[in-house]
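In: Provide a 3D model corresponding to the input given below.
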Amino acid sequence: MRGNLTGVSSQNMAFTDCVKPTELLADKKGIKRKNWRNRIRFLLKSNSSHSILHQKRNRSYRPSADDVNQWAQSLDKLLSHTYGKAAFCIFLKSEFCEENIEFWTACEDFKTLTSHKELVSKANNMYEEFIKSEAPKEINLDYHTKNAIVQSLHEPTETSFLAAQRKVYSLMENNSYPRFIHSDLYKELCAAARGEGKHIKS
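Out: Modelled structure (predicted):
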(Lines give C-alpha, C1' and ligand atoms only; values in the text may rest on other atoms or scores of the structure.)
Protein backbone atom coordinates (compact mmCIF):
# COMPACT_ATOMS: atom_id res chain seq x y z
CA MET A 1 0.00 0.00 0.00
CA ARG A 2 2.89 2.29 0.63
CA GLY A 3 4.57 4.31 -2.03
CA ASN A 4 4.40 7.58 -3.86
CA LEU A 5 0.86 8.93 -3.93
CA THR A 6 1.49 12.21 -5.73
CA GLY A 7 -1.70 13.46 -7.31
CA VAL A 8 -3.90 10.85 -5.67
CA SER A 9 -6.89 12.30 -3.83
CA SER A 10 -7.99 11.13 -0.40
CA GLN A 11 -11.14 9.74 -2.02
CA ASN A 12 -9.06 7.56 -4.32
CA MET A 13 -7.06 6.40 -1.34
CA ALA A 14 -10.17 5.02 0.34
CA PHE A 15 -9.35 1.72 1.96
CA THR A 16 -5.66 2.02 1.03
CA ASP A 17 -4.83 3.30 4.50
CA CYS A 18 -5.27 -0.16 5.97
CA VAL A 19 -4.49 -2.64 3.20
CA LYS A 20 -1.52 -4.84 4.00
CA PRO A 21 -0.13 -7.87 2.10
CA THR A 22 -0.86 -10.13 5.07
CA GLU A 23 -4.57 -9.44 4.69
CA LEU A 24 -4.48 -10.75 1.13
CA LEU A 25 -3.14 -14.12 2.25
CA ALA A 26 -5.95 -15.21 4.56
CA ASP A 27 -9.21 -14.17 6.12
CA LYS A 28 -8.30 -12.77 9.54
CA LYS A 29 -11.78 -11.53 10.40
CA GLY A 30 -12.31 -14.00 13.22
CA ILE A 31 -8.88 -13.34 14.69
CA LYS A 32 -9.37 -9.57 14.54
CA ARG A 33 -12.78 -9.80 16.22
CA LYS A 34 -11.37 -11.94 19.04
CA ASN A 35 -8.47 -9.53 19.52
CA TRP A 36 -10.61 -6.39 19.78
CA ARG A 37 -13.13 -8.06 22.04
CA ASN A 38 -10.33 -8.94 24.44
CA ARG A 39 -9.11 -5.34 24.24
CA ILE A 40 -12.61 -3.95 24.87
CA ARG A 41 -12.74 -5.89 28.12
CA PHE A 42 -9.34 -4.51 29.08
CA LEU A 43 -10.32 -0.99 28.01
CA LEU A 44 -13.49 -1.04 30.08
CA LYS A 45 -11.91 -2.47 33.23
CA SER A 46 -12.71 -0.37 36.27
CA ASN A 47 -10.44 0.30 39.22
CA SER A 48 -7.33 -1.00 37.50
CA SER A 49 -3.93 0.61 37.82
CA HIS A 50 -2.60 -1.49 34.94
CA SER A 51 -5.00 -0.42 32.20
CA ILE A 52 -3.69 0.72 28.85
CA LEU A 53 -4.70 4.23 29.80
CA HIS A 54 -2.46 4.26 32.93
CA GLN A 55 -5.11 5.96 35.04
CA LYS A 56 -4.95 6.41 38.81
CA ARG A 57 -5.59 3.44 41.09
CA ASN A 58 -9.03 2.72 42.59
CA ARG A 59 -11.04 4.97 40.27
CA SER A 60 -13.54 4.00 37.62
CA TYR A 61 -12.91 5.39 34.13
CA ARG A 62 -15.61 3.52 32.20
CA PRO A 63 -16.89 5.92 29.48
CA SER A 64 -20.53 6.90 29.73
CA ALA A 65 -23.11 6.28 27.02
CA ASP A 66 -23.00 10.04 26.28
CA ASP A 67 -19.20 9.87 25.87
CA VAL A 68 -19.43 7.01 23.38
CA ASN A 69 -22.27 8.69 21.45
CA GLN A 70 -20.15 11.84 21.10
CA TRP A 71 -17.41 9.84 19.42
CA ALA A 72 -19.72 9.47 16.41
CA GLN A 73 -20.02 13.24 15.99
CA SER A 74 -16.54 13.82 14.57
CA LEU A 75 -13.03 12.43 14.51
CA ASP A 76 -11.93 15.43 16.57
CA LYS A 77 -14.44 14.50 19.30
CA LEU A 78 -13.17 10.93 19.24
CA LEU A 79 -9.48 11.82 19.48
CA SER A 80 -10.03 14.42 22.20
CA HIS A 81 -11.47 11.77 24.51
CA THR A 82 -8.93 9.49 26.17
CA TYR A 83 -11.10 6.39 25.91
CA GLY A 84 -12.23 7.28 22.40
CA LYS A 85 -8.67 7.54 21.16
CA ALA A 86 -7.77 4.25 22.86
CA ALA A 87 -10.78 2.52 21.25
CA PHE A 88 -9.85 3.93 17.83
CA CYS A 89 -6.30 2.62 18.31
CA ILE A 90 -7.71 -0.83 19.05
CA PHE A 91 -9.77 -0.68 15.87
CA LEU A 92 -6.84 0.46 13.71
CA LYS A 93 -4.65 -2.32 15.12
CA SER A 94 -7.36 -4.82 14.22
CA GLU A 95 -7.12 -3.51 10.64
CA PHE A 96 -3.30 -3.50 10.71
CA CYS A 97 -3.04 0.25 10.08
CA GLU A 98 -2.21 1.72 13.47
CA GLU A 99 0.69 3.70 11.98
CA ASN A 100 -1.71 6.54 11.10
CA ILE A 101 -2.89 7.23 14.64
CA GLU A 102 0.62 6.62 15.99
CA PHE A 103 2.03 9.22 13.59
CA TRP A 104 -0.74 11.69 14.43
CA THR A 105 -0.02 11.22 18.14
CA ALA A 106 3.72 11.63 17.56
CA CYS A 107 2.97 14.92 15.77
CA GLU A 108 0.92 16.13 18.74
CA ASP A 109 3.81 15.28 21.06
CA PHE A 110 6.30 16.94 18.68
CA LYS A 111 4.41 20.26 18.84
CA THR A 112 4.86 20.39 22.61
CA LEU A 113 8.67 20.31 22.45
CA THR A 114 10.56 23.52 23.07
CA SER A 115 14.31 22.89 22.93
CA HIS A 116 16.11 22.70 19.59
CA LYS A 117 17.90 19.52 20.64
CA GLU A 118 14.61 17.78 21.43
CA LEU A 119 13.05 18.94 18.16
CA VAL A 120 15.98 17.63 16.10
CA SER A 121 16.02 14.29 17.90
CA LYS A 122 12.27 13.75 17.70
CA ALA A 123 12.07 14.91 14.08
CA ASN A 124 14.74 12.44 12.98
CA ASN A 125 13.16 9.61 14.96
CA MET A 126 9.78 10.33 13.36
CA TYR A 127 11.37 10.42 9.92
CA GLU A 128 13.04 7.05 10.48
CA GLU A 129 9.89 5.47 11.87
CA PHE A 130 7.15 6.92 9.65
CA ILE A 131 8.40 8.95 6.68
CA LYS A 132 11.36 7.44 4.86
CA SER A 133 10.86 4.78 2.20
CA GLU A 134 10.45 1.34 3.73
CA ALA A 135 10.17 2.82 7.22
CA PRO A 136 8.79 0.26 9.71
CA LYS A 137 5.55 2.25 10.04
CA GLU A 138 5.63 4.16 6.76
CA ILE A 139 2.59 6.32 6.13
CA ASN A 140 1.12 7.35 2.77
CA LEU A 141 2.48 10.77 1.82
CA ASP A 142 3.09 12.47 -1.51
CA TYR A 143 6.62 13.30 -2.64
CA HIS A 144 6.39 17.04 -1.95
CA THR A 145 5.23 16.57 1.64
CA LYS A 146 7.97 14.02 2.30
CA ASN A 147 10.60 16.23 0.71
CA ALA A 148 9.59 19.24 2.79
CA ILE A 149 10.09 17.15 5.93
CA VAL A 150 13.50 15.97 4.76
CA GLN A 151 14.57 19.56 4.10
CA SER A 152 13.57 20.59 7.62
CA LEU A 153 15.29 17.81 9.56
CA HIS A 154 18.42 19.85 10.39
CA GLU A 155 16.44 22.87 11.57
CA PRO A 156 12.99 21.57 12.48
CA THR A 157 10.24 23.76 13.88
CA GLU A 158 6.98 22.86 15.60
CA THR A 159 5.24 23.04 12.21
CA SER A 160 7.64 20.72 10.35
CA PHE A 161 5.16 17.83 10.34
CA LEU A 162 1.97 19.89 10.23
CA ALA A 163 1.18 19.29 6.55
CA ALA A 164 1.82 15.56 6.92
CA GLN A 165 -0.30 15.41 10.07
CA ARG A 166 -3.18 17.13 8.29
CA LYS A 167 -2.99 14.67 5.40
CA VAL A 168 -3.01 11.69 7.76
CA TYR A 169 -5.88 13.20 9.75
CA SER A 170 -7.87 13.67 6.53
CA LEU A 171 -7.15 10.09 5.51
CA MET A 172 -8.38 8.77 8.87
CA GLU A 173 -11.39 11.11 8.82
CA ASN A 174 -12.50 9.99 5.37
CA ASN A 175 -11.66 6.29 5.62
CA SER A 176 -10.82 4.67 8.95
CA TYR A 177 -13.11 6.81 11.12
CA PRO A 178 -16.37 6.02 9.22
CA ARG A 179 -15.46 2.32 9.29
CA PHE A 180 -14.88 2.55 13.04
CA ILE A 181 -18.26 4.21 13.66
CA HIS A 182 -20.02 1.49 11.64
CA SER A 183 -17.95 -1.35 13.07
CA ASP A 184 -19.07 -4.12 15.41
CA LEU A 185 -16.44 -2.86 17.84
CA TYR A 186 -18.12 0.54 18.17
CA LYS A 187 -21.56 -1.05 18.45
CA GLU A 188 -20.36 -3.27 21.28
CA LEU A 189 -18.70 -0.31 22.99
CA CYS A 190 -22.05 1.48 22.85
CA ALA A 191 -23.73 -1.56 24.38
CA ALA A 192 -21.07 -1.76 27.10
CA ALA A 193 -21.46 1.94 27.89
CA ARG A 194 -25.22 1.41 28.28
CA GLY A 195 -24.50 -1.28 30.85
CA GLU A 196 -24.83 -4.15 28.44
CA GLY A 197 -21.13 -5.00 28.38
CA LYS A 198 -21.87 -8.48 29.66
CA HIS A 199 -23.19 -9.27 26.19
CA ILE A 200 -19.76 -8.83 24.57
CA LYS A 201 -19.08 -12.26 23.13
CA SER A 202 -15.85 -14.16 23.54
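In: from memory residue 72 sits against residue 182, does it?
Out: No: with contact defined as CB atoms under 8 Å, residue 72 does not count as touching residue 182 (9.5 Å). All C-beta atoms are positioned from the backbone trio N, CA, C, and that covers glycine.
In: Comparing these two, which residue is more hemmed in?
Out: Neighbours per residue, other CB atoms under 10 Å: of residue 72 and residue 182, the larger number sits with residue 72, 16 against 11.
In: Now do the closest residue to that one other than its chain neighbours, the pLDDT please.
Out: Excluding the flanking residues, the one nearest residue 72 by CB to CB, 6 or more residues apart in numbering is residue 181, at 5.1 Å. Residue 181 carries a pLDDT value of 96.
In: cool, residue 94 as well?
Out: So residue 94 comes in at 89 (pLDDT).
In: what does residue 188 give?
Out: 90.
In: hmm, back to that, so the residue nearest to residue 72 makes contact with residue 70?
Out: No: counting by CB under 8 Å, residue 70 is not a contact partner of residue 181; they are 11.5 Å apart.
In: backbone phi and psi for the residue nearest to residue 72, please?
Out: According to degrees, to the nearest 10, the main-chain angles of residue 181 amount to phi -60, psi -30.
In: how close does it get to residue 172?
Out: 12 Å (CB to CB, to the nearest Å).
In: And residue 106, by the same measure?
Out: Counting by CB to CB, the gap from residue 106 to residue 172 is 14 Å.
In: Assess the claim that residue 104 and residue 168 are in contact.
Out: Yes: counting by CB under 8 Å, residue 104 touches residue 168, with 5.5 Å between them.
In: Do you have the helices of the chain handy? List them.
Out: Ranges of helices within the chain are 21-25, 29-43, 65-70, 75-80, 82-94, 99-110, 116-126, 143-152, 162-171, 177-181, 184-191, based on DSSP state H.
In: Let me have those helices in a markdown table, extended by distance to residue 132 and mean neighbour count.
Out: Listed next are those as a markdown table, based on distance: least, CB to CB, whole Å; neighbours: other CB atoms under 10 Å:
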| stretch | distance to residue 132 | mean neighbour count |
| --- | --- | --- |
| helix 21-25 | 19 | 10 |
| helix 29-43 | 29 | 15 |
| helix 65-70 | 37 | 15 |
| helix 75-80 | 26 | 17 |
| helix 82-94 | 21 | 20 |
| helix 99-110 | 13 | 19 |
| helix 116-126 | 10 | 16 |
| helix 143-152 | 8 | 14 |
| helix 162-171 | 12 | 18 |
| helix 177-181 | 26 | 19 |
| helix 184-191 | 32 | 18 |
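In: Let me have these in JSON lines, extended by distance to residue 135.
Out: Shown next, in JSON lines, are those (distance: least, CB to CB, whole Å):
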{"stretch": "helix 21-25", "distance to residue 135": "16"}
{"stretch": "helix 29-43", "distance to residue 135": "24"}
{"stretch": "helix 65-70", "distance to residue 135": "34"}
{"stretch": "helix 75-80", "distance to residue 135": "23"}
{"stretch": "helix 82-94", "distance to residue 135": "17"}
{"stretch": "helix 99-110", "distance to residue 135": "9"}
{"stretch": "helix 116-126", "distance to residue 135": "9"}
{"stretch": "helix 143-152", "distance to residue 135": "10"}
{"stretch": "helix 162-171", "distance to residue 135": "12"}
{"stretch": "helix 177-181", "distance to residue 135": "23"}
{"stretch": "helix 184-191", "distance to residue 135": "27"}
